[in-house]
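Asks: 3D, please:
(chains A, B and C)
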Amino acid sequence: MTAQLIPDRPAPARARRPKRTYAASFMYDTPGPRGRRNVLLGSLISCVAFAAIIGYGIWQLASHGQFAAERWAPFTDWAIWQYLLVGLLGTLEAAAIVAVLGGALGIVLALGRLSRLRPVRWLCGFYIEVARTIPVLLMIYLMLFGLPQLGINLPTLWKLVVPLTIANSAVFAEIVRAGVLSLPRGQREAALSLGMRPVQAMRHVVLPQALRNVAPSLVTQLVSLLKDTSLGYIVAFTELLYRGQVLASYLHLLIPTYVAVTVIYLVVNGSLSALASRLQRGSRRGSRRRPSTQPPLPPLPATPHQEESHA
Amino acid sequence: MNPLIDNLGPLVQALGTTLLMAVVAGIGSIVLGVLITIARVSPIPILRTAAFLYVQFFINVPLLALLLLAVFALPDAGLLLPLTPTAIIVLTVYEAAYVAEAVRSGVNTVPVGQVEAARALGFTLAKTLRLVVVPQALRAVVQPIGNVMIALAMNTALAAAVGVVELTAEVNKVNLVAAQPILIFSSAGLVYMAIALTIGLAAGWVERKVAIAR
Amino acid sequence: MTRSTTRRKAAFAGALLAAVTLAVTACSSGSTNLPGSGSSSTSSTDAVFSGAPVASADLIISGSTMEKIKKRGKLVVAEALDAPLLSQQDPTNPDSVTGFDADLAKLLAIYILGKPNVEIVPPASETREAMLQNGTVDVVFNTYTITEERAQQVDFAGPYFESGLAVAVKSDNKDITSSKDLDGKTVIVGANTPAVTEVPKIAPTATVTAFATDPAAVQALIQGRGDAYVQDYTLLASDAASEKQIKVVGQPFTKEPYGIGLKHGDSDFKSFVNDWLTKIQKGGQWGQAWKTTLGTVTDSAIPTPPKIGSVPGS
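Replies: Numbers count the residues shown, from 1 in each chain, chains lettered A, B, ... in the order given. Coordinates of the predicted model:
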């Protein structure tokens, strides 16, 4: 059953609720005739406003010749797209490695910062604060300039991955910590009172729920990370945005190239977010436990979306 | 220390531009982000869809591409503004999507019982949002919004690619002549660190002030 | 939805991703040749390399950088991939990087190794000195202007080419006819180019706006975000050739000597490279390289190469 006032994705069309309600609609009484009329008016006005703005923009662009065929002709070549897609592979490769390493390290750091031992808490806190505030660009520079003088020469991929992991693990740690802290304390207390050790309580009760609660933030950070890999140009790592730059100077065409790059990012990141929320929704529905933020109230009338709330 | 001290005037001015962009875009993006989250619970379906698409678009597209398109494609679409305001607007619009996502997860941590109680008391949607939901949501996501503000401050460096004279652009210019990248970029990095630290401390202070015992 | 369904979906997504990856990399392993793509004719560039000199064995001093390069089998060069006419990667054939800097790098590789085995590491302009100091690259061929400040961090062989900054304006602009008319105007420059410091020298009252890439600066000029664009004259010529809305006015008003960046203090390698430079200038390969790249956008004859060591810092 869904505890989210604003779900990750709008409800699918085959939802069992009547057409005019949506997840957060229980915030107010079902609108009467005047309310429905106002909603309709508002919909019409917004529709017309959006259409007008978009239409005006397209008309202006066309009148400046931005839609001329020869500006977009190079993008009918598969070779051009292939060039960009190989760059995309580099981006994905770096992002995947950073996500795995950074995520694992982030969870460890978050748990460390919540530990009962003060030195551990202090150490993890210090690392998180420092890693979060140093700009990633600077970290890459430091690795690029400093490490070889110590004799360490990393391959290009790791010159990008290591600084990104350090920076992102701190951000992941903060997100996970926020999730754990937002969980009612009763969950941990109940687990401990059942005889679980603190580590077990964390692993089986607190952490899964916390991660589920902050999953949107984690996915957002993952997408942000994918875009951060564009800093690879400093270490000459083959990735999408730099390849877009090379393409723009080859074709002498700025806007179509960056529109193409934007579309690729949109498709990749969009599907990543969609995939993540689909997996998350599936796993949430699969677990038959009632989510922690939902107190066990009997369902109110005229709020059909709560049908699934029976444990 | 020499090249930095020789160019202290322009560097401080560029730092001013950076801070201006960060502050204006920061406030703007928080306001816009909350409005977008409100649009996602509004009864008008078009607004809900538009808000959803807005967030999805700006979260999934890199900022540099957006800056370039805004600076170079928008004038052809009929909107020509000076560079710094354009950069501020793009930063606001971009980070607002992140703020909206953060506020959304905050709204989702508000217990449903709160909303049901508000409704039982006869609050309208606007009142429920203003008095019950949004304050509690914001309280829950002070740190994530702090993260977004830090990211915003770091992202102002990208405006250098489109001609805004801010700290990174000025530092690159100094390095062009002096050719001492480690010294110059480390100092610039320290300045950015100081900005991020300030924002982090501010977020921590706000979090402590609005914290409640659970 | 049960957990096994979720796992199956995740596995399916992973398999799909792997399949796409295989498809893209499989296609990219062979180079595609599209008709009419790219104007670089491989036959004329082959003429540049066919008679290129190769160093005799006694010139490769044992223990020197040259011997290290020869053992490694390839020359690691820091050069751009997005500088048309100088070193531009062809997206339809990513192995092919053409341009003046790129050709000279290949000629140096032939001199040391006998074959143009070049590995290109595109630098960010602020990392060039560090890359040389760390040994990440052997040489820098990146329109690297010789200055005395830089000469304290790296060594320069050459200069191998003398360029200059010129002014471009919109085609219908009658006010600006040379670099002397820039006072009080808004001037666009490329970030990290010599124009950043030169324009304030000749036009102290001009407002300077810097853009990161050349296409961005050209677009800014066309849109009226500036009155003029100051950049290397060969780059401007190439831009004006492909973009009818801008034109180059006046003559180059500065002298920018380009040098080959080398690790600081490596005098053996420096004299070796200067030796090579003299040889290809005498042998005509330098002129041929110029003709097939920078020479394609101007009508002038092959210029005389600058005298090696003639610039302070080289």
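Asks: got a list of what residue 189 touches?
Replies: Picking chain A for this. Contact partners of A:Glu189, counting by CB atoms under 8 Å, 6 or more residues apart in numbering or on different chains, are absent. C-beta coordinates here come from the backbone N, C-alpha and C atoms, glycine included.
Asks: try chain C instead
Replies: C:Val189 is in contact with C:Ala195, C:Val196, C:Val199, C:Val208, C:Thr209, C:Ala210, C:Phe211, C:Ala217, C:Tyr229, C:Val230, C:Gln231, counting by CB under 8 Å, 6+ apart.
Asks: In helices, which of those residues appear?
Replies: If you go by DSSP state H, those have C:Ala195, C:Val196, C:Val199, C:Ala217 in helices.
Asks: filter those down to the ones close to chain A.
Replies: For chain A, no contacts are drawn from the ones in helices among the contacts of C:Val189 by CB under 8 Å from any CB of the partner chain.
Asks: And the residue of chain C closest to chain B?
Replies: The minimum distance from chain C to chain B, using CB to the nearest CB, falls at C:Ala212 (3.8 Å).
Asks: Now do that residue: how many residues are near it, please.
Replies: Neighbours of C:Ala212 under the rule other CB atoms under 10 Å in any protein chain shown: 20.
Asks: wouldn't it be in contact with B:Ala160 here?
Replies: Yes. Between C:Ala212 and B:Ala160 there is a contact under CB atoms under 8 Å: 7.0 Å.
Asks: Now do the shared contacts for those two.
Replies: C:Ala191.
Asks: Would you mind pulling the contact partners of the longest strand seen in chain C?
Replies: The longest strand of chain C (DSSP state E) is strand C:155-163. With contact meaning CB under 8 Å, 6+ apart, strand C:155-163 is reached by C:100, C:104, C:143-144, C:146, C:150, C:232-234, C:252, C:255-267, C:269-270, C:273-274, C:277, C:286, C:290, C:303, C:305-306, C:308, C:310-311, C:313-314.
Asks: Quickly check: stretch A:30-49 near chain B or not.
Replies: Yes. Shown here: stretch A:30-49 in contact with chain B (CB under 8 Å from any CB) through A:Pro31, A:Gly35, A:Val39, A:Gly42, A:Ser43, A:Ser46, A:Cys47.
Asks: what about the last one, how many neighbours?
Replies: Counted with other CB under 10 Å, residues neighbouring A:Cys47 total 15.
Asks: ok, A:Ala73 - how many residues close by?
Replies: A:Ala73 is flanked by 12 other residues according to other CB under 10 Å.
Asks: Could you measure from it over to A:Leu251?
Replies: As judged by CB to CB, to the nearest Å, A:Ala73 and A:Leu251 stand 10 Å apart.
Asks: which strands and helices sit next to the helix or strand of chain B with the lowest mean pLDDT?
Replies: Lowest by mean pLDDT, DSSP states H and E among the helices and strands of chain B is helix B:2-6, with a mean of 81. For helix B:2-6, the helices and strands in contact under the criterion 3 or more CB pairs under 8 Å, 6 or more residues apart in numbering or on different chains; DSSP states H and E are helix B:167-178, helix B:181-210.
Asks: mind redoing it with 10 Å?
Replies: Applying 3 or more CB pairs under 10 Å, 6 or more residues apart in numbering or on different chains; DSSP states H and E, one finds that helix B:2-6 makes contact with helix B:8-40, helix B:167-178, helix B:181-210.
Asks: Mean neighbour count, those helices: which tops it?
Replies: With neighbours taken as mean count of other CB atoms under 10 Å in any protein chain shown, the helices and strands packed on helix B:2-6 reach their highest mean count in helix B:167-178, at a mean of 22.
Asks: Now do the helices in chain A.
Replies: Going by DSSP H, chain A shows helices at A:33-63, A:69-72, A:78-113, A:118-133, A:136-146, A:156-182, A:185-193, A:198-201, A:207-213, A:215-228, A:240-251, A:255-286.
Asks: Give me the helices and strands touching the fourth one, please.
Replies: Meaning helix A:118-133. Helices and strands touching helix A:118-133, by 3+ CB pairs under 10 Å, 6+ apart, are helix A:78-113, helix A:156-182, helix B:142-155, helix B:181-210.
Asks: Would you mind telling me which of those helices is nearest A:Leu61?
Replies: With CB to CB as the measure, helix A:78-113 is the member of the helices and strands packed on helix A:118-133 nearest A:Leu61 (21.6 Å).
Asks: Can you give me the buried ones in the least confident helix or strand in chain A by mean pLDDT?
Replies: Every helix and strand in chain A was compared by mean pLDDT, DSSP H and E; the lowest is helix A:69-72, with a mean of 78. By 16 or more other CB atoms under 10 Å in any protein chain shown, the buried positions in helix A:69-72 come out as A:Arg71.
Asks: so, in contact with chain C or not, it?
Replies: No. Figure legend: helix A:69-72 not in contact with chain C (CB under 10 Å from any CB of the partner chain); closest approach 11.2 Å.
Asks: Which strands or helices does that helix pack on?
Replies: Right, helix A:69-72 is packed against helix A:255-286 by 3+ CB pairs under 10 Å, 6+ apart.
Asks: what's the angle from the helix it packs on to helix A:78-113?
Replies: 50 degrees (axes from the mean of the first three to the mean of the last three CA atoms, to 10 degrees).
Asks: Next one: A:Leu247 from chain B, what distance?
Replies: Using CB to the nearest CB, to the nearest Å, one obtains 13 Å as the distance from A:Leu247 to chain B.
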